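>>> Take a look and give me a structure for this.
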Amino acid sequence: LLPLGGYVRMAGMDPEEGEEQLAPASDPGSFMNKSVLQKMAIVFAGPLMNFILALVLFVAVFTYIGVPVESNTNEIGEVKKDKPAYSAGLKPGDKIISINGKPTPRWEDLTKAIHNSEGKELTLTIDRNGEKKEVKVTPQLDPQGNKYLIGIGVAQAFAKKGTFEAAVFGLERTFDFTKLIITSIFHMITGKIPADVGGPVAIVSAIGQG
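As a prediction, the model looks like this:
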């Protein structure tokens, strides 16, 4: 019922099927008796449906959920585990209204204060469901970015699109992802990136690691 993939075995596709052959070679409905163009169309139908499904899903998401847009807020959208913010008790939905008494109405304001903290303890005044609280947190130095962080992410904002706009965005995203896949395969062949690929088991493993 859900067009999310499946296995298709076409009549007469394998000439060595023997007793399990679904249709005799003389059957005009057999895959082996189709013209080259018909065979190409049949084989291409599966990948084509994947593109159509991706487009439909993109349009549905952009219409009912929206397109991610840049958000200039002081609301926390993510708190990473085992980070200072998590240990201090910060939660998604909290608004950091000031740091060490200095107002932080924008995300840029609070990240700047955290980055420039030099690892010193900060006093965060937060708004949690209309109630103000003070939380103390000590930023940690991120060796990769060479910045002090506490492990929070901005609340993501979404802008819903009309059906036509959603269709345009869907086509663009489908094209972008298709281009990315083709480019990645080419880079694997040329050795620019390692051929590190996997199937459903690898996907589940990656989800578990996330």
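>>> contacts, neighbours, all on C-alpha from now
Noted.
>>> Mind listing residues that contact stretch 132-148?
84-85, 88-90, 114-127, 149-150 (CA atoms under 8 Å, 6 or more residues apart in numbering).
>>> cutoff 6 Å now
With contacts defined as CA atoms under 6 Å, 6 or more residues apart in numbering, stretch 132-148 is touched by 88, 115, 119-126, 149-150.
>>> Redo those as JSON lines? Include pLDDT.
Shown next, in JSON lines, are the contacts of stretch 132-148 (pLDDT from 0 to 100):
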{"residue": "A88", "pLDDT": "91"}
{"residue": "H115", "pLDDT": "92"}
{"residue": "G119", "pLDDT": "90"}
{"residue": "K120", "pLDDT": "92"}
{"residue": "E121", "pLDDT": "93"}
{"residue": "L122", "pLDDT": "94"}
{"residue": "T123", "pLDDT": "93"}
{"residue": "L124", "pLDDT": "93"}
{"residue": "T125", "pLDDT": "93"}
{"residue": "I126", "pLDDT": "93"}
{"residue": "L149", "pLDDT": "93"}
{"residue": "I150", "pLDDT": "93"}
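>>> Among those residues, which pair sits farthest apart?
G119 and I126 (19.8 Å; CA to CA).
>>> More neighbours: the two, which one.
In this view G119 and I126 are compared by other CA atoms under 10 Å, and I126 has more residues nearby, 22 against 17.
>>> pretty sure the more buried one is touching I96, no?
Yes: shown here, I126 and I96 form a contact pair, counting by CA atoms under 6 Å, at 4.4 Å.
>>> ok so, going back, so which of the contacts of stretch 132-148 sit within helices?
Among these, the members found in helices (DSSP state H) are 88, 115.
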